[in-house]
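S.K.: Sequence first, predicted coordinates after that:
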Amino acid sequence: MLRRLSLRDFVIVPALELDFDSGFAVLTGETGAGKSILIDALQLALGSRGDAGVVREGAARAEITAEFDSPAVLAAWLDEAGFEAGETLLLRRVIDAQGKSRAWINGSPATVAQLRETADSLLDIHGQHAWQGLTRPTSVRALLDAFARLDVKPLAQAHTAWRQAAEKLEAARSKGEELARERERLAWQLEEIGRLAPGADEWDELNAEHQRLSHAASLMDAARLAQEALSGQSGEAEQNAESLTEQALDKLQDVVEYDARLAPAIEALLNAQAQLQDAVHTLNTYLHGTELEPERLAELDERLSAWMALARRYRRPGAELPALHQQWKAELQTLDEAGDLAGLERALAETRAAYDREARLVGQGRAKAAPALAAAVTQAMQQLGMAGGAFEVALLPQEEPQSFGLESAEFMVAGHAGSTPRPLAKVASGGELSRIALAIAVTTCQLDDEGAGAGTLIFDEIDAGVGGAVAETVGRLMKQLGRQRQVLAVTHLPQVAACADHHYVVSKALRADGATASDVQPVLGEARVQEIARMLGGERLSSASLAHAQEMLGQSAGAHHNNGSGSRKARS
């Protein structure tokens, strides 16, 4: 639900901050005072299009900040989009005098499109023409499915699978010869490269072994010379590293008792002597284990030549030949599957059967829910000045299977007893359309005990064209709706305003600098009585209008056990 709305330099509002509570709240004020400003601001905070015209004259920019309880359904989206999640969701929008816009979600920069993605989970606005959305097949079907608590995702997935299977079969039938030629080419290439059967890591191993064997003589000569330099005989005297190290140790050990500073040198020579002995042992092992292996070298020459010939033919580096082999195998398998008409036909039949099963389940759910929704809305219409009227939900079969199923839905309305139900779009009375939209909203929201959908509902003068007892019923229904959702209504009807849990008044006045400014304040007690009286009888308050207003508020409080407390905080 909406917790707080803060505006700065927005249209004719210099600065405003309002806190909101749960329940039913109304926004009232004189004509032209700017009652729709708050709704316009909320729509901008939720990503609607904005321009420089929303910036208060003389200001550099307009700022709108809206704070909501963070709905659980947005948790995964916030995480995926990189926004910090918490108990509240803070949306901020800034539009400068040049019309440039910037946005933030929970303090992190966001796009306007991302603001729009949050809208459906936060706010649902019903204006005077709220009925228009109820004439669109997509909206009607979605509302019916939500009422029936249908999960239509499996149906859409089954439809996608069926369409993909149909496309594969069609492609196989139309491109049969082309696929056959491509398969023949791949099979020939695979046979040629298969004779070589290149291993995944073989290329590097072959080159390393070939390099070693082709330089075997040089390697053995170098090892033998190194061994002689370390420990072998050279002429009459021993002139190798081991003997020279031994001589140095003997000389120093003879005199170290006279000067201990020679001890580190002796330690270093002892370490060197041990390392020299290790090196001699390693070289001896190498010389005894190394052979020229001319036959193996010839085998390597032959395999590397065949390998490089194939690599040149297919214009690939030698190291990539094994991967190319696997790639062609996968492509051949794909071609085999694409050319398997019998298999593709079976897949098409299976996916169509799966789609039909899901479509039947959804269709059964819709068929069961349609009369229940129609009866509930019809009942609500009787309370809204449409006695004898009837509401129907018509299910219309589709000629072709669709992603949403085998039927579409349309709302039908009979405005009074004895009239024939007609599509909602053809109902002439704007007042009737608004009341039907209210009846649908009340019906669907009351039955939504799982908390799906937007947490805040806004009715922007949806009660236009009604009055008297019907107006009182509208207020009572909105108050009832406020038990499931937070409801905010812009209204000019005192009967509706008297039913509210919270009451805000919009006023417009001249500032000291001559500019017009709009302000919003919660009203309580006597101030609220005076506002209801103004709505009843105009600016000149009489004792009769004040008494009537007090009576209306008392009746509402008595009927609903609520005295209509205001906002927790408001500053302007």
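M.R.: Structure's in. What do you need?
S.K.: so who does the closest residue to Ser214 other than its chain neighbours touch?
M.R.: Nearest non-adjacent residue to Ser214, counting by C-beta to C-beta, 6 or more residues apart in numbering: Leu297, 6.3 Å away. Every residue, glycine included, has its C-beta placed from N, CA and C. With contact set as C-beta atoms under 8 Å, 6 or more residues apart in numbering, Leu297 has these partners: His210, Leu213, Ser214.
S.K.: where does Leu297 sit relative to Val152, distance-wise?
M.R.: Between Leu297 and Val152 the distance is 69 Å, computed by C-beta to C-beta, to the nearest Å.
S.K.: returning to what we had before: tell me the secondary structure at the residue nearest to Ser214.
M.R.: On the three-state scheme (DSSP: H, G, I helix; E, B strand; the rest coil), Leu297 is labelled helix.
S.K.: quick revisit: which of the contacts of Leu297 tops the neighbour count?
M.R.: For those, neighbours were counted by other C-beta atoms under 10 Å; the highest total belongs to Leu213, with 21 neighbours.
S.K.: gap between that residue and Leu283?
M.R.: 19 Å.
S.K.: where does Gln327 land in three-state SS?
M.R.: Applying three-state DSSP to Gln327 yields a three-state assignment of helix.
S.K.: cool, and Ala471?
M.R.: Using three-state DSSP, the three-state assignment for Ala471 comes out as helix.
S.K.: quick one: contacts for the closest residue to it other than its chain neighbours?
M.R.: Nearest residue to Ala471, sequence neighbours excluded (C-beta to C-beta, 6+ apart): Gln495, at 3.9 Å. Gln495 makes contacts with Gly467, Gly468, Ala471, Glu472, Val474, Gly475, Met552, as judged by C-beta under 8 Å, 6+ apart.
S.K.: how does it look with 7 Å?
M.R.: Taking C-beta atoms under 7 Å, 6 or more residues apart in numbering, we find Gln495 in contact with Ala471, Glu472, Gly475, Met552.
S.K.: so is the last one in a helix, a strand, or just coil?
M.R.: Three-state assignment for Met552 (three-state DSSP): helix.
S.K.: again with the third one
M.R.: Going by three-state DSSP, the secondary structure assigned to Gly475 is helix.
S.K.: if you skip the residues just before and after it, what's nearest to Met535?
M.R.: Of all residues beyond its chain neighbours, the one nearest Met535 is Pro494 (3.9 Å), with distances taken as C-beta to C-beta, 6+ apart.
S.K.: quick one, strands of the stretch 351-500 of the chain?
M.R.: Assigned by DSSP state E, counting those that start in this stretch, the strands in the stretch 351-500 of the chain fall at 390-402, 405-414, 422-423, 456-460, 486-490.
S.K.: how about the ones you listed in a markdown table, adding distance to Ala439, mean pLDDT and mean neighbour count?
M.R.: Shown next, in a markdown table, are these (distance: least, C-beta to C-beta, whole Å; pLDDT from 0 to 100; neighbours: other C-beta atoms under 10 Å):
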| stretch | distance to Ala439 | mean pLDDT | mean neighbour count |
| --- | --- | --- | --- |
| strand 390-402 | 7 | 93 | 15 |
| strand 405-414 | 10 | 92 | 21 |
| strand 422-423 | 17 | 88 | 13 |
| strand 456-460 | 12 | 86 | 24 |
| strand 486-490 | 15 | 91 | 26 |
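S.K.: and those as a markdown table, adding distance to Gln327?
M.R.: Supplementary listing: those in a markdown table, determined by distance: least, C-beta to C-beta, whole Å:
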| stretch | distance to Gln327 |
| --- | --- |
| strand 390-402 | 37 |
| strand 405-414 | 41 |
| strand 422-423 | 57 |
| strand 456-460 | 55 |
| strand 486-490 | 58 |
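S.K.: For Phe20, find the nearest of those.
M.R.: strand 486-490 (7.1 Å; C-beta to C-beta).
S.K.: Which other helices and strands does the closest one contact?
M.R.: Contacts of strand 486-490 with other secondary structure elements, assessed using 3 or more C-beta pairs under 7 Å, 6 or more residues apart in numbering; DSSP states H and E, are made with strand 24-29, strand 456-460, helix 468-481.
S.K.: domain ranges for the protein?
M.R.: For the chain, the structural domains run 2-127+428-571, 180-337, going by automatic domain parsing.
S.K.: Distance to Ala376 added to those domains, as CSV?
M.R.: Formatted as CSV, the entries for the domains of the chain read as follows, by distance: least, C-beta to C-beta, whole Å:
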stretch, distance to Ala376
domain 2-127+428-571, 4
domain 180-337, 51
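S.K.: Highest mean neighbour count out of those?
M.R.: domain 2-127+428-571 (a mean of 18; mean count of other C-beta atoms under 10 Å).
S.K.: for that domain, the distance to its chain's centre please.
M.R.: A distance of 27 Å separates the centroid of the chain from that of domain 2-127+428-571, by C-alpha atoms, centre = their mean, to the nearest Å.
S.K.: average pLDDT for stretch 9-25?
M.R.: The predicted model gives stretch 9-25 an average pLDDT of 92.
S.K.: Please apply the same query to stretch 267-280.
M.R.: If you average the pLDDT values across stretch 267-280, you get 91.
S.K.: For it, give me every contacting residue.
M.R.: The set of residues that contact stretch 267-280 without belonging to it, under C-beta under 7 Å, 6+ apart, is Gln227, Leu230, Ser231, Ala241, Glu242, Thr245, Ala248, Leu249.
S.K.: can you do 10 Å?
M.R.: Contacts with stretch 267-280, where a contact means C-beta atoms under 10 Å, 6 or more residues apart in numbering, come from 226-227, 229-232, 240-242, 244-246, 248-249, 252-253.
S.K.: go on, stretch 337-357?
M.R.: By C-beta under 10 Å, 6+ apart, the residues outside stretch 337-357 that reach it are 154-173, 175-176, 179-180, 182-183, 336, 363, 401, 403, 405-406.
S.K.: Try it again at 7 Å.
M.R.: Contact with stretch 337-357 is made by 158-159, 161-162, 165-166, 168-169, 171-172, 176, 179-180, 183, 401, as judged by C-beta under 7 Å, 6+ apart.
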